[in-house]
Structure formats: C-alpha cells, structure tokens
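Engineer: Pasted the sequence and its predicted model underneath.
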Amino acid sequence: MTKPTDGTTLLSDHVDARPVTTTDEVTAGRNDIVQLDPDHPGFRDAQYRARRNQIAQLGMNYRPGDPIPDAPYTDDEHRVWQTIWKALRPAHQRHACAQYLEALQRMNFADERIPQLREVNEKVQAISGFRLEPVAGLVQPRVFLENLADGVFLCTQYIRHHSTPLYTPEPDVVHEIVGHGVTLACPELAELNRLFGKAVKRASTADALETLSRVYWFTIEFGVLREDGQLKAYGTGLLSSAGELEEMRQAELRPLDILAITRQNYDPTHFQPVLFCAESFAAMHEQLRAYLVVS
Ligand SMILES: [Fe+2]
C-alpha cells in the first residue's frame, strides 16, 4: 500500500482486498481475524491493534437478524471523526451530486461523534430496504457483492488510525457510512447495488466476477457525472474522502462506457487517474441498469 505524502486520503476497498477463512456455518465467508500489513499506519500500535480486534469481535459475534451492536468508540476515535468530517462537509457541498446531498441531509450526521451503524441502518432501511450488517472487515469479494442481492451491505465498524485521519488503506466506518450508507439511502443507487448483487450471483466464473467487480469499482465506488455542466461525484470512494474529491478534477475523464470499464485496470492504492463520467445521474442509472439486468 502506498501512503500519500500530502496528507490526503486513499482507499482500497471491498472488491480487491478482503480475504477470509470460514469458521462455522453461520459466519461462513463473512468474518476473520484482523491482520494489518506492515506498512499500515496502525501496525506498530499495540493499542490500536487491540481496538481493531475488539471492534472486529462485534462483527464476529453478529448473527443476521440480531440488533446491530453499538461500537464503544473512545474520545480519541471520535476526534478522528471530527477531523474527517470537518474536511468532508465542505467538500461534499462542492463536489457531490444532488442525489447524494439529498440523502446526506436525511442522515443528519453529528459533527462531534462517529455515527453508530445501528442509527444509520434505521434510516437506510426505511428508505431503500437495505440492511447494514457488521463484519470484522475481511470479506471475500464474491461474498460482499452477493449479499447486495439480498439487500444486505456488510459494514466494518472500526475507524482508521488516529495518526492519519485523512488516510485509510482499507474501508473503515467512515467509508462505509459516509460513502455506502448515504448512497444506499438514495433509492436509485440502492437499486443498482441490488442489481450488482444479482448479477454476481449469476456470474459463475472468476472472469465474470472480475468484470463485475471492475464495473462496481468505476461506478458505485468511483463514479462521476455531469450536473448542470459541472463535474460531480456519486462514487462512495470519492464521497468518503476529501482528498479523492479534490483530486477527481485532475483525473482523465472518459465517457461512461461499460465495455471500456471492463477493460480498464485500477490500482486502489493511488488516486484514480482515470474516471468514467456519465452525462447525468439519470443517464448513469439507465446505462448501469441496462447492463446489470442482462449480465
Ligand atoms: Fe466501498
């Protein structure tokens, strides 16, 4: 993983890095223990590693249908959220698409504390029927994507290391809630997530899964569109990172073309140099929907 030198945020994600070993029939494919890479910001911090394991345990213990457990965040962790949220709020106003901003307003996140998954889930479920369920953080791409078909979004609850509040090498609670949680409170984006899940369930080969993962990456995670002539983000990886939002204007913009996306490689450890831009939110929804229902 490459850490940026300018204090901005990068993000790797569900579709590339969530290996897992199974433990029992109920949690099969959903959870594993926390392992940090040697270059992870928290690798040498025994206290952080203990926190990660403690919060991962909530996901490990969770059974579908249970009430979602609150994570006992510390004051230090809430301070990390405050730093992130202070950077993200104005960035959203400048760079987020209207549908995202509307959904964000419904979430009404507090400035001073990390929103609990339970609270976000209540609002998302009432709007789109999607359920956010906690996991330890390590989920195979197929498991993660197939759950979308059933309206289940598997969420991590830990927050990134305090030494790098604007950088995370893996999806943390900020990405899950500010990115996916909010977009799943937008009915059109929730529908697309479900369709991705259904397409992945039909995909029987590794190549077909890879293709769908790639389309998910360049749309749901890093999609941009035109709104009144302005470039706006609808992708969760962009919307959960002030650094990515600022940087998206430096990317090479290509027209949203699903076939081109399926041929485009990506590196989750750097800012995205190529983004695919839809002509509008409606055009994006229509194009993706048409592709997913026949995939
Ligand atoms: Fe994501």
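Structural biologist: Arrived safely, thanks for sending.
Engineer: Quick one: mean pLDDT for the helix or strand hosting R106?
Structural biologist: Assessed by DSSP states H and E, R106 sits inside helix 98-107. Throughout helix 98-107, pLDDT has a mean value of 97.
Engineer: got the buried residues for it?
Structural biologist: Neighbour counts over helix 98-107 (16 or more other Cβ atoms under 10 Å) mark Q99, Y100, A103, L104, M107 as buried. The way it works is simple: take the backbone N, C-alpha and C, and place the C-beta from them, glycine included.
Engineer: Show me what that helix is in contact with.
Structural biologist: With contacts defined as Cβ atoms under 8 Å, 6 or more residues apart in numbering, helix 98-107 is touched by 92-93, 96, 115, 120, 123, 127, 181-183, 185-186, 188-189, 227, 232-234, 239, 281.
Engineer: if you set the cut-off to 6 Å instead, what comes out?
Structural biologist: With Cβ atoms under 6 Å, 6 or more residues apart in numbering as the test, helix 98-107 has contacts from V182, A185, C186, F281.
Engineer: Check which residues of stretch 159-168 are buried.
Structural biologist: The neighbour-count check on stretch 159-168 (16+ other Cβ under 10 Å) flags I159, R160, H161, H162, T164, P165, L166, Y167, T168 as buried.
Engineer: Could I get those in a markdown table, plus columns for distance to the ion and secondary structure?
Structural biologist: Shown next, in a markdown table, are those (distance: Cβ to the ion, whole Å; DSSP: H, G, I helix; E, B strand; the rest coil):
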| residue | distance to the ion | secondary structure |
| --- | --- | --- |
| I159 | 15 | coil |
| R160 | 14 | coil |
| H161 | 19 | coil |
| H162 | 22 | coil |
| T164 | 18 | coil |
| P165 | 19 | coil |
| L166 | 17 | coil |
| Y167 | 16 | coil |
| T168 | 11 | coil |
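Engineer: Of these, which is the nearest to Q140?
Structural biologist: For these, the closest approach to Q140 (Cβ to Cβ) belongs to T168, at 20.2 Å.
Engineer: Report the contact partners of that closest one.
Structural biologist: By Cβ under 6 Å, 6+ apart, the contact set of T168 is R160.
Engineer: Give me the pLDDT for R226.
Structural biologist: Looking at R226, its pLDDT stands at 98.
Engineer: Could you pull up phi and psi at it?
Structural biologist: For R226, the backbone dihedrals are phi -100, psi 140 (criterion: degrees, to the nearest 10).
Engineer: how close does it sit to the ion?
Structural biologist: In this view, R226 and the ion are 23 Å apart by Cβ to the ion, to the nearest Å.
Engineer: For that residue, which residues are in contact?
Structural biologist: Each residue near R226 by Cβ under 6 Å, 6+ apart is listed here: E279.
Engineer: now do 10 Å
Structural biologist: Contacts for R226 (Cβ atoms under 10 Å, 6 or more residues apart in numbering) come out as C97, K232, L253, C277, A278, E279, S280, F281, A283, M284.
Engineer: Same check on I114?
Structural biologist: 71, 73-74, 77-82, 84-85, 157, 159, 172-174, 177.
Engineer: Doesn't it belong to a helix?
Structural biologist: No. Looking at I114 with DSSP: H, G, I helix; E, B strand; the rest coil, it is coil, so not inside a helix.
Engineer: Buried ones among the contacts of R226?
Structural biologist: Listed as buried from the contacts of R226 are C97, K232, C277, A278, F281, M284; burial here means 16+ other Cβ under 10 Å.
Engineer: Go ahead and confirm the second one touches F281.
Structural biologist: Read that as K232. Yes. Using Cβ atoms under 10 Å, K232 makes contact with F281 at a distance of 8.4 Å.
Engineer: Residues that sit against both of the two, list them.
Structural biologist: Counting by Cβ under 10 Å, 6+ apart, the contacts common to K232 and F281 are C97, A98, Q99, Y100, G223, L225, R226.
Engineer: can you pull the contacts of the first one?
Structural biologist: Put plainly, it is C97. C97 neighbours (Cβ under 10 Å, 6+ apart): 103, 183, 186, 189, 223-227, 230-235, 239, 278, 280-281, 284.
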